[in-house]
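*Asks:* Fold the following and give me the result.
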Amino acid sequence: MSSQRKDYSGVVVCAPVSTVRPRTTRHTVSWFMARVLSGLIAKSGIGRHDIDGLVVASYGLPPDNAASLAEYHGLEPAYIVDIPYGGASGVMAMSRAARAVQAGDAEVVACLAADIAPSGYGIYSNFSSATRDHIYPYGAGGANATFALITANYIAAHGAVPEAFGSICVAQRRNGSRHKLSMFRKALTMEDYLGARMIADPLRLFDCVPRCCAGEGFLVMSEDRARSLGLPFARIAGVVERNSAFAGDPVMSRVGISRDRDLLYDQAGVGPEDIDFVQAYDDYPVIVMMQLEALGFCAEGEGHRLALEKRLTVDGDLPLNTSGGMLSLGQPGAAGGFLGLNEALRQLTGEVLGDPVPEAEMGVVSCFGTVNYQRGLCTNAAILATGVRT
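*Replies:* Just a heads-up that it's a prediction; the model follows:
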């Protein structure tokens with residue numbers, strides 16, 4: 001990968017919007033998309049015809065897509081993209097929208113994601129032909145079984161203890177306890193975590209992300225446009241993406257962004273020590289550990305020790321998933337891939353729905369998605385900074 005890639009100067013992210021998060025709903029995915037779109041328009045003060053770019057992420061939207069959504073809502077975008085990559089979709093949507101604005105293909109890009117909670121066996125069987133033809137026909141147990149395999153492999157390789165995974169769950173529950181959209185407000189203790197029933201050994205109840213229904217979205221536009229609208233915004237300081245990395249590992253033990261960590265920080269001109277908070281995709285704690293390792297907060301295989309040594313709460317020395325993450329707010333399919341990015345935006349623009357990180361000026365967002373059986377295929381990360389240049 002070239003180290004001379006064009007930066008993202010002049011393009012910003014703004015107007016984070018999140019819907020309510022029920023466990024079940026009679027509404028469709030399109031309904032949640034509409035709620036997000038109307039929220040973006042109301043929050044930014046633009047008209048719908050000002051939106052000339054549309055990026056959409058969803059598992060449950062088909063047979064609809066970005067083009068049909070544009071028709072339903074009276075949009076006439078010059079630039080459309082569908083992103084079917086689940087938890088990796090937030091940073092993907094932002095970076096593709098930003099490049100479109102830089103290239104002049106669009107001026108205001110609405111990035112939308114929504115899904116409703118699926119039900120039944122085999123709900124992820126169409127991730128790929130591999131899952132459809134070679135995994136689910138043989139009785140695969142879904143996401144919990146997949147991440148039990150990955151977690152057990154991590155424990156065997158690095159000696160992680162249950163308390164390390166519990167540290168992430170307990171800290172994130174505390175972070176989410178005061179968030180306006182949290183599904184869980186009751187405090188979680190380490191005793192609660194360790195005493196919870198086993199779901200898929202070694203995964204306990206609170207290791208497993210709860211499903212919900214929701215939509216998330218944000219706008220990407222030029223900095224000049226955001227300033228003219230009076231919108232608080234965050235700058236894109238750096239982005240990396242790596243897909244299908246480390247395919248030779250029998251079971252996933254690291255995430256692809258570790259290949260590009262130096263490039264990420266070089267773009268931003270900072271290091272891990274300069275980061276004020278981390279928003280890491282958190283369907284299961286083991287994936288959070290791998291992302292912390294890949295982002296350089298500790299060495300590979302040391303994420304479990306970091307979880308025990310650092311204070312991961314909003315007021316701690318390594319604020320992690322400051323909204324509570326999906327372990328507190330729930331996983332709304334592909335919209336879960338937007339959650340960390342929207343939380344980063346809120347922390348940097350003073351629009352938090354929970355507790356703010358004191359004097360936060362720069363945060364990193366890490367995304368992960370598209371899981372076959374023993375690994376996730378898509379990873380990416382972005383560093384966002386306040387709109388005030390220092």
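
*Asks:* In which helix or strand does the most centrally placed residue in the chain reside?
*Replies:* By CA atoms, centre = their mean, the chain has its centre lying nearest to Gly337, at 3.3 Å. Using DSSP states H and E, Gly337 sits within helix 336-349.

*Asks:* Give the rounded mean pLDDT of that helix.
*Replies:* Taken as a whole, helix 336-349 has a mean pLDDT of 98.

*Asks:* so what secondary structure elements neighbour the next helix or strand after that helix?
*Replies:* Per DSSP H and E, the first helix or strand lying C-terminal to helix 336-349 is strand 362-371. Judged by 3 or more CB pairs under 8 Å, 6 or more residues apart in numbering; DSSP states H and E, the packing partners of strand 362-371 are helix 89-103, strand 277-280, helix 285-294, helix 336-349, strand 376-386. In this view, the C-beta of every residue, glycine as well, is placed from N, C-alpha and C.

*Asks:* How far does the last one sit from its chain's centre?
*Replies:* Using CA atoms, centre = their mean, to the nearest Å, the mean C-alpha position of strand 376-386 is found 8 Å from that of the whole chain.

*Asks:* That one vs helix 336-349, what angle?
*Replies:* 10 degrees (axes from the mean of the first three to the mean of the last three CA atoms, to 10 degrees).

*Asks:* who does strand 376-386 pair up with?
*Replies:* strand 233-243 (antiparallel), strand 362-371 (antiparallel) (DSSP bridges).

*Asks:* hey, where'd the helices end up in this structure?
*Replies:* Remark: helices assigned in the chain by DSSP state H are 29-44, 66-72, 89-103, 129-130, 143-158, 162-176, 190-195, 223-229, 261-268, 285-294, 303-309, 325-329, 336-349.

*Asks:* List of residues touching the second one?
*Replies:* With contacts defined as CB atoms under 8 Å, 6 or more residues apart in numbering, helix 66-72 is touched by 30, 33-34, 54-56, 61, 64, 75-77, 80-82, 112.

*Asks:* Quick one: mean pLDDT for it?
*Replies:* 97.

*Asks:* can you check the fourth one too?
*Replies:* The pLDDT scores in helix 129-130 average 80.

*Asks:* by contact count, what packs against that helix?
*Replies:* Against helix 129-130 (3+ CB pairs under 8 Å, 6+ apart) you get no helix or strand.

*Asks:* just how off-centre is it within its chain?
*Replies:* 24 Å.

*Asks:* Same question for the second one.
*Replies:* Taking CA atoms, centre = their mean, one finds helix 66-72 lying 24 Å from the centre of the chain it belongs to.

*Asks:* State the distance from the residue lying closest to Asp249 once chain neighbours are set aside to Asn243.
*Replies:* Nearest in space to Asp249, with sequence neighbours left out and distances taken as CB to CB, 6 or more residues apart in numbering, is Arg375 at 7.2 Å. Per CB to CB, to the nearest Å, Arg375 is found 11 Å from Asn243.

*Asks:* Quick check on those two: which one has the bigger neighbour count.
*Replies:* More crowded of Arg375 and Asn243, by other CB atoms under 10 Å: Arg375, with 22 against 15.

*Asks:* is it true that the more buried one touches Pro250?
*Replies:* No - the criterion here is CB atoms under 8 Å, and Arg375 misses it with Pro250 at 9.4 Å.

*Asks:* Kindly present the strands paired with strand 376-386 as CSV, with separate columns for distance to Ala97.
*Replies:* As requested, the strands paired with strand 376-386 are arranged in CSV below (distance: least, CB to CB, whole Å):
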stretch, distance to Ala97
strand 233-243, 10
strand 362-371, 15
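
*Asks:* Tell me how many other residues surround the closest residue to Met362 other than its chain neighbours.
*Replies:* Distances taken as CB to CB, 6+ apart place Ala385 nearest to Met362, at 4.7 Å, with adjacent residues excluded. When neighbours are defined as other CB under 10 Å, Ala385 has 22 of them.

*Asks:* so Ala385 touches Ala234, yeah?
*Replies:* Yes - contact criterion CB under 8 Å: Ala385 and Ala234 qualify, at 6.4 Å.

*Asks:* Now list whatever residues contact both of the two.
*Replies:* Common neighbours of Ala385 and Ala234 (CB under 8 Å, 6+ apart) are Leu348.

*Asks:* Enumerate every residue touching the residue nearest to the residue nearest to the centre of the chain when sequence neighbours are not counted.
*Replies:* Once flanking residues are discounted, Gly337 sits nearest to Ser89: 3.8 Å by CB to CB, 6+ apart. By CB under 8 Å, 6+ apart, the residues touching Ser89 are Ala57, Ile83, Ala113, Ala334, Gly337, Phe338, Cys367, Gly369.

*Asks:* residues making contact with the worst-scoring helix or strand of the chain on mean pLDDT?
*Replies:* Least confident helix or strand of the chain, by mean pLDDT, DSSP states H and E, is helix 129-130 with a mean of 80. The contact list for helix 129-130 (CB under 8 Å, 6+ apart) reads Asn372, Tyr373.

*Asks:* Mind doing that once more with 6 Å?
*Replies:* Residues from elsewhere that reach helix 129-130 (CB atoms under 6 Å, 6 or more residues apart in numbering): Asn372.

*Asks:* Same check on stretch 160-178?
*Replies:* 154, 182, 185, 188, 190, 193, 206-207, 285, 288, 304, 307-308, 312-314, 321-322, 324-325, 327-328, 354-355.

*Asks:* Show the pLDDT at the residue of the chain most remote from its centre.
*Replies:* Computed with CA atoms, centre = their mean, the residue of the chain farthest from its C-alpha average is Tyr138, at 30.3 Å. As predicted, Tyr138 sits at a pLDDT of 78.

*Asks:* Roughly how far does the nearest residue to Ile80 once chain neighbours are set aside sit from Met290?
*Replies:* Leaving aside its sequence neighbours, Ile80 sits nearest to Ala66 (CB to CB, 6+ apart; 4.0 Å). Ala66 is 31 Å from Met290, where distance means CB to CB.
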